[in-house]
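Peer 1: need a structure here:
(one chain, ligands or ions: 1)
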Amino acid sequence: MEHVRYLVVGAGVSGLAFANFIDRGAGRCLVLERDQQVGGYCKTILQDGFVWDYSGHFFHFRHPDVERYLVERMPADEVVTVEKVSQILYKDRLVDFPFQKNIHQLPQEDFIDCLHELYFRPKLDGPPENFQQMLIARFGQGIADRFLIPYNEKLYACPMDELDAGAMGRFFPDADIEDIIRNFKRPDNNSYNATFTYPRHGAIEYIKALQKDLPEGTVCLGEGLVSVDMERKVAQTSVGRQIAFEYLISSAPFDALLKITGLPHEPLVFTSNKVAVFNLGFDAKGWSDPHWIYFPERKYRFYRVGFYDNIMGTDRMSLYVEIGMKTDETVDVEAELARTMDGLRAAGVVTDQNLVSWHHVVLDPAYVHITGPARQSFERLRQHLQARGIYPVGRYGGWTYCSIEDNILETRALAQMFNALHAPPTSP
Ligand SMILES: Cc1cc2nc3c(=O)[nH]c(=O)nc-3n(C[C@H](O)[C@H](O)[C@H](O)COP(=O)(O)OP(=O)(O)OC[C@H]3O[C@@H](n4cnc5c(N)ncnc54)[C@H](O)[C@@H]3O)c2cc1C
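Peer 2: Just a heads-up that it's a prediction; the model follows:
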């Protein structure tokens, strides 16, 4: 039987970043990837002259060293930096994002209602019990009902009182009443991603950067992890290989890892949504300003539409359209496409342009439902796995909401921990 020190599951950002930062001399590292391609959710489609990611993937690095590491391994001038223009379509008018700081751009009646409810928002006796309570307590019922609740319900495909108050962490655009009122006269709509970067040839370029220095044979494509004997520390793969490991680093979704390891757990704790993405290429340009638009109204099936052509400065409208769904919903691709096109026409995004190319993909899971029981269960099971040398990592391995930079920081720290543990003894 083969033996490796580090057996990594998944050649997405997390798995490849771990393989980059682990010391080559300190034991073999092998990456299993069940797909025929690397990249996970950071794959890119090049079709009929359009560049599409699996879904709009834009990057806002907070750690220059992480960004430098990637950019140094990419072709010169590959990455462009863009000042974000994101808006919300509300009652047929475009309002700047974030909604809560731009209520003065709403029709007058809505504005007065939002302001009134913001001022007289309910005071809670203790910390909010769930996401919905947090939204209403912080922004008032008016803002919550017009944007924050319907938008997030469309995205997560679940009621907002089922999620933790902190379900979106730092990704939730914060604002207090003073920020909101100050913004009426001096706009400052900066959120966590005021500017973003994007590779001209799509998110896969970051993946290629993470592949660049890996020794040949590190990644085994088309070979999934099927089961694990936790006592013997032996993995069984989809091509019939058995591999003994010292450590298993898994970026597979956590609920899938539990099935693979056979670890018993409470049923129905780890829930998530899925997102159907339609990438659409047209023969002519459309709106020239926005990079992406949020759609809170339920009359639109999609919750967000992005404009690749406005990001890359190209001359044909190139959109990604995201639809949040329950995991057990079936996706009728032709019907969803027709409904998407109707919605885009109703919103005025598509007028006389013709659709000349399209592609679709379903991301499942896409946004995990962060709830109290899921957090507690995850922590307990993670400790159990870790005691047996199994480390769940990444956005889905860690059952969390995070960016690719977070994935790199997490797996780099884990690799550094192992590097220190297995460093050769220094001579006295
Ligand atoms: C709609 C959407 C938009 C997003 N936008 C952004 C953005 O703008 N900016 C940003 O920074 N992040 C964004 N993200 C998050 C980003 O996609 C993730 O953080 C990142 O791709 C996660 O990488 P990962 O390697 O942890 O997981 P994944 O990309 O899911 O990779 C896991 C890999 O494991 C493989 N695998 C699974 N099971 C097995 C198995 N049993 N055996 C072998 N292989 C297996 C899979 O095939 C996959 O390749 C977005 C996510 C979504 C859903």
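Peer 1: so where's the longest helix in the protein?
Peer 2: helix 404-421 (DSSP state H).
Peer 1: show residues contacting it.
Peer 2: Contacts with helix 404-421, where a contact means CB atoms under 8 Å, 6 or more residues apart in numbering, come from 6, 12-15, 17-18, 20-23, 26, 42, 57, 59-63, 66-67, 69, 203, 206, 247, 249, 251, 391, 393-395, 398, 402. Just so you know, the C-beta spots here come from the backbone N, C-alpha and C atoms, and that holds for glycine as well.
Peer 1: which ones among these lie within strands?
Peer 2: Those of those mapping onto strands are 6, 247, 249, 391, per DSSP state E.
Peer 1: what distance do you get for the first one to Ile249?
Peer 2: Between Tyr6 and Ile249 the distance is 6 Å, computed by CB to CB, to the nearest Å.
Peer 1: which neighbours do the two share?
Peer 2: Looking at what touches both Tyr6 and Ile249 (by CB under 8 Å, 6+ apart), the common residues are Phe18.
Peer 1: who's more crowded, the two?
Peer 2: Each of Tyr6 and Ile249 has its neighbours counted (other CB atoms under 10 Å); Ile249 has more, 28 against 23.
Peer 1: who are the contact partners of the more buried one?
Peer 2: Applying CB under 8 Å, 6+ apart, we find Ile249 in contact with 6-9, 15, 18, 391, 393, 411, 414.
Peer 1: His63 too?
Peer 2: With contact taken as CB under 8 Å, 6+ apart, His63 is in contact with 405, 409.
Peer 1: so where do the helices sit in the stretch 101-250 of the chain?
Peer 2: Remark: helices assigned in the stretch 101-250 of the chain by DSSP state H, counting those that start in this stretch are 108-119, 131-143, 149-156, 177-185, 204-211.
Peer 1: just the CA coordinates for the second one, please, in CSV.
Peer 2: Once non-C-alpha atoms are left out, helix 131-143 reads as follows in CSV (Å, rounded to 0.1, in the frame of the first residue of the first chain):
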residue,chain,number,x,y,z
PHE,A,131,-30.3,37.0,11.6
GLN,A,132,-33.7,38.5,11.1
GLN,A,133,-33.9,39.9,14.6
MET,A,134,-30.5,41.4,14.1
LEU,A,135,-31.5,43.1,10.8
ILE,A,136,-34.6,44.6,12.3
ALA,A,137,-32.9,45.7,15.5
ARG,A,138,-30.1,47.4,13.7
PHE,A,139,-31.9,48.9,10.6
GLY,A,140,-35.6,48.9,11.5
GLN,A,141,-38.4,47.0,9.8
GLY,A,142,-38.6,49.3,6.8
ILE,A,143,-35.1,48.6,5.5
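Peer 1: helices or strands up against that helix?
Peer 2: The contact analysis (3 or more CB pairs under 8 Å, 6 or more residues apart in numbering; DSSP states H and E) places helix 131-143 against helix 108-119, helix 149-156.
Peer 1: among these, which is nearest the ligand?
Peer 2: For the helices and strands packed on helix 131-143, proximity to the ligand was assessed by CB to the nearest ligand atom; helix 149-156 is nearest, at 8.9 Å.
Peer 1: is the ligand within reach of the closest one?
Peer 2: No - legend: contact between helix 149-156 and the ligand by CB under 6 Å from any ligand atom is lacking; minimum distance shown is 8.9 Å.
Peer 1: now do that helix and helix 131-143, the angle between them.
Peer 2: Following axes from the mean of the first three to the mean of the last three CA atoms, to 10 degrees, one obtains 140 degrees for the angle between helix 149-156 and helix 131-143.
Peer 1: other residues contacting helix 149-156?
Peer 2: Looking at what lies outside helix 149-156 - CB under 8 Å, 6+ apart - the contacts are 99, 131-132, 135, 159-160, 163, 273, 294-298, 302-304, 322, 324, 367, 369.
Peer 1: repeat that for 6 Å
Peer 2: Applying CB atoms under 6 Å, 6 or more residues apart in numbering, the set of residues contacting helix 149-156 from outside is 160, 273, 294, 296, 303, 324, 367.
Peer 1: and what of stretch 37-56?
Peer 2: 11-13, 202-204, 207, 277, 279, 281, 306, 318, 320, 322, 357, 359, 361.
Peer 1: among those, which are within reach of the ligand?
Peer 2: Among the contacts of stretch 37-56, the ones lying near the ligand by CB under 6 Å from any ligand atom are 11-13, 322.
Peer 1: can you redo those residues as TSV with pLDDT and neighbour count?
Peer 2: Putting those into TSV (pLDDT from 0 to 100; neighbours: other CB atoms under 10 Å) gives the following:
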residue	pLDDT	neighbour count
Ala11	98	27
Gly12	98	27
Val13	98	28
Glu322	98	21
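Peer 1: what about stretch 376-383, average pLDDT?
Peer 2: Averaged over stretch 376-383, pLDDT sits at 97.
Peer 1: buried set for that stretch?
Peer 2: By 16 or more other CB atoms under 10 Å, the buried positions in stretch 376-383 come out as 377-378, 381-382.
Peer 1: what's the helix or strand for the residue of the stretch 51-200 of the chain at minimum distance from the ligand?
Peer 2: Taking CB to the nearest ligand atom as the measure, the point where the stretch 51-200 of the chain comes nearest the ligand is Ser55, at 3.8 Å. Per DSSP states H and E: Ser55 is located in neither a helix nor a strand.
Peer 1: distance-wise, check it relative to Leu30.
Peer 2: From Ser55 to Leu30 the distance is 29 Å (CB to CB).
Peer 1: residues near Arg232, how many?
Peer 2: Residues contacting Arg232 under the criterion other CB under 10 Å number 10.
Peer 1: kindly report the residues of the protein close to the ligand.
Peer 2: 9-15, 32-35, 40-42, 55, 57-59, 224-225, 251-252, 256, 275, 322, 363, 366, 394-396, 402-404, 407.
Peer 1: which residues of the stretch 301-428 of the chain fall in strands?
Peer 2: Counting by DSSP state E, counting those that start in this stretch, the segments of the stretch 301-428 of the chain that form strands are 304-307, 318-326, 355-363, 390-392.
Peer 1: where exactly do the strands run in the stretch 151-300 of the chain?
Peer 2: Counting by DSSP E, counting those that start in this stretch, the stretch 151-300 of the chain has strands at residues 195-199, 219-221, 225-229, 234-237, 242-250, 273-282, 292-294.
Peer 1: which secondary element of this structure has the worst mean pLDDT?
Peer 2: Here the helix or strand of the chain ranked lowest by mean pLDDT, DSSP states H and E is helix 177-185, holding a mean of 86.
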